[in-house]
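**Student:** The sequence and its predicted three-dimensional model are supplied below.
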Amino acid sequence: MNRSSGIRPRPLGRAAPRPALRAALRPALPAAVLLALVLAGCSDSDGGGSGGGSAQGEPKLGEVALAPPTASISLPLDAYTDTDAETARMGQVQQRLLSRCMARYGFPYEEVRPSGAAGAQGPEGRHRALFGVADAEFAAAHGYDTTAGKGQPVKRPAAPLSESATLVMHGERPGGRQGAEQPPDAATEEEAAQVDSGIDVSGQKVPAGGCIREAYRKLYAPTKGSVDLLFPFGLASEAHERSKGDSRVVAVLRNWSACMEKSGYTGLKDPYEVVQKLGLEADPGGPKAVVAAKADVACKREVNLVGIWAAVEKAYQQRLVEEQAETLALYKKQREARYKLAAGVI
């Protein structure tokens, strides 16, 4: 397996086609955008570019869509990552496994349940916030409030856990001294079978790490060969970091910054610092935030930030997918096994 990306699979521990360009339906592009589009199509295939953190140089790009809606963005690593609805469902499976474990020791556990909106993808799609706010309707309605329309997990107030229930839940005694030796844990369920937690409750041995860890391991790390749940996320993060240093992204960010300055927002280098630099943290969905977000989205459209950056991000993801094909194939197989297990739990 090619390890040039520097990313390694590790066992778990604690812890759509692109849209076609429809220029006839768009307003004429300013010269800055035309230049950015030209730059987007010109990459150094011999490795002479900035490289975006890779010795292979900047990758060639496929089609660069013009101001695409975020819902239309499809990236190579999407095939290995859960949607919001899938994530919510797997969270419920983990809760059910935790509840079953607690029941073995005679302790009830009230599962955390999502509200009606939890798991909803939203019309902007899974990549709605990848390049900051990018949807005009969302910006006009919510500004930078990324929590808008999302449900929160619901759990009825419960009585504090007894000492015995705490032992079962966490696999350690409450009020342990800082720095004290921690009870043994295990990265996988296979390893846990060989670990003695040293804790007995109601005549039964408590699993290493308690029921919380058991539920996690059963779902995400059943065997020693389990690939880290966050492995694809790590690859996606690596691709994103590389894309930020790509000359084509650097150029379009410069154009976006200049556009924002014309709208009265100075000193902004990228879309991720807008809320903090404009002092919108306290009210990200308020009137001031809405005005800024609308200008932000308009500038992204004017310079085609989403179209260019998405094409660059896709190219870097594809490179990493090819480099890590063996581990990703194993991850995908294990993910399918998780779904099969989930079907039998809830």
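**Tutor:** Nice, thanks for sending it over.
**Student:** Break down the stretch 101-250 of the chain into its helices, ranges please.
**Tutor:** Taking DSSP state H, counting those that start in this stretch to define them, one finds helices in the stretch 101-250 of the chain at 136-142, 163-170, 189-192, 210-220, 231-244, 247-262.
**Student:** of the ones you listed, which approaches Pro76 most closely?
**Tutor:** helix 231-244 (8.7 Å; Cβ to Cβ). All C-beta spots, glycine's among them, are computed from the backbone N, C-alpha and C.
**Student:** helices and strands around the closest one, which ones?
**Tutor:** helix 305-323, helix 325-343 (3 or more Cβ pairs under 8 Å, 6 or more residues apart in numbering; DSSP states H and E).
**Student:** In a markdown table: those, plus mean pLDDT.
**Tutor:** As requested, these are exported to a markdown table (pLDDT from 0 to 100):
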| stretch | mean pLDDT |
| --- | --- |
| helix 305-323 | 98 |
| helix 325-343 | 97 |
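**Student:** Next, the contact list for Tyr80, please.
**Tutor:** Taking Cβ atoms under 8 Å, 6 or more residues apart in numbering as the contact definition, Tyr80 lies against 232, 328, 331-332, 335.
**Student:** Export those as CSV, with columns for neighbour count.
**Tutor:** As requested, those are exported to CSV (neighbours: other Cβ atoms under 10 Å):
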residue, neighbour count
Pro232, 26
Leu328, 24
Tyr331, 20
Lys332, 14
Arg335, 21
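**Student:** coming back round to it: most packed of the helices of the stretch 101-250 of the chain?
**Tutor:** Most buried of those, by mean neighbour count (mean count of other Cβ atoms under 10 Å): helix 210-220, with a mean of 22.
**Student:** Please work out which of the helices and strands packed on helix 231-244 is packed deepest.
**Tutor:** Mean neighbour count (mean count of other Cβ under 10 Å) peaks for helix 305-323 among the helices and strands packed on helix 231-244, with a mean of 23.
**Student:** Tell me which other helices or strands that helix touches.
**Tutor:** Applying 3+ Cβ pairs under 8 Å, 6+ apart, we find helix 305-323 packed against helix 31-41, helix 231-244, helix 247-262.
**Student:** Quick one: neighbours of Glu58, just the number.
**Tutor:** By other Cβ atoms under 10 Å, the residues close to Glu58 number 26.
**Student:** try Arg301
**Tutor:** 19.
**Student:** still on that earlier bit, so which of the helices of the stretch 101-250 of the chain comes closest to Leu341?
**Tutor:** Smallest distance to Leu341 across the helices of the stretch 101-250 of the chain (Cβ to Cβ): 6.8 Å, for helix 210-220.
**Student:** Export only the CA atoms of that closest one, formatted as CSV.
**Tutor:** Extracted C-alpha coordinates of helix 210-220, given in CSV (Å, rounded to 0.1, in the frame of the first residue of the first chain):
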residue,chain,number,x,y,z
GLY,A,210,-17.6,-0.2,30.9
CYS,A,211,-20.7,-0.5,28.9
ILE,A,212,-19.9,2.7,27.0
ARG,A,213,-16.7,1.2,25.6
GLU,A,214,-18.4,-2.1,24.9
ALA,A,215,-21.1,-0.6,22.9
TYR,A,216,-18.6,1.4,20.8
ARG,A,217,-16.3,-1.6,20.2
LYS,A,218,-19.2,-3.9,19.2
LEU,A,219,-20.2,-1.5,16.5
TYR,A,220,-17.0,0.1,15.4
